[in-house]
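A.B. asks: Here is my input, please return the structure:
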Amino acid sequence: MITLNEAPRLIRPTTAVRTSYLTGEQADCLLRGTDTDWLGPASEDFDSFVAARDHDKERWEVMSTVYWYISGEHYLGSLVVRHSLTPELASEGGHIGYHVVAPWRRQGHATRMLELGLEKAREHGISRVLLTCAPSNEPSKRVIEKNGGVPDEQLGSELRYWIG
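C.D. replies: Next comes the predicted model:
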């Protein structure tokens with residue numbers, strides 16, 4: 001296992017983790033069987049790729065902020081804070097979405113990343129945070145519950161949890 005020399009933190013996207021970001025995201029795409037075509041253009045002009053993510057932007061019909069979870073030159077995952085909810089996000093998505101790339105899973109990073117993400121949500125004026133996950137996603141349910149998530153109802157295919 002790789003030893004991290006710095007405590008991981010949430011920051012805005014940065015070019016400082018180029019290789020780690022691209023290899024981590026490629027590993028995730030290959031594990032999930034999802035498209036990797038976007039990685040070519042991202043690797044060819046990583047500066048522009050990062051610049052497009054390094055500001056608040058409307059995604060999912062709401063203002064959103066993207067953060068990367070890094071330690072030194074290591075990209076561990078990403079987190080998005082959605083500043084408000086649409087009816088769709090209230091049933092699938094919630095205020096915060098996060099993922100840890102495959103090489104860094106099962107080491108407590110998701111729990112810490114969500115803890116830091118809740119602080120970011122508060123900075124954006126969100127005092128009561130909604131998170132959702134699939135009923136079969138036991139790791140995500142544990143992460144949410146470790147961060148104080150209180151189960152709510154299941155809407156559609158997602159379980160809902162409130163924090164705050």
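A.B. asks: Next, count neighbours for the spatially closest residue to Ala27 that is not a sequence neighbour.
C.D. replies: Once flanking residues are discounted, Ala27 sits nearest to Ala102: 4.7 Å by C-beta to C-beta, 6 or more residues apart in numbering. For glycine as for every other residue, the C-beta is placed from the backbone atoms N, C-alpha and C. By other C-beta atoms under 10 Å, the residues close to Ala102 number 17.
A.B. asks: what are the phi and psi angles of Ala102?
C.D. replies: Note on Ala102: backbone dihedrals following degrees, to the nearest 10 are phi -50, psi -50.
A.B. asks: Distance of it relative to Tyr161?
C.D. replies: Distance of Ala102 to Tyr161, computed by C-beta to C-beta, to the nearest Å: 24 Å.
A.B. asks: same question, Lys141
C.D. replies: Taking C-beta to C-beta, one finds Lys141 at 8 Å from Tyr161.
A.B. asks: Tell me which residue lies farthest from the centre of this protein.
C.D. replies: Most distant residue from the mean C-alpha position of the chain: Glu44, 23.6 Å away (C-alpha atoms, centre = their mean).
A.B. asks: Fine, thanks again, bye for now.
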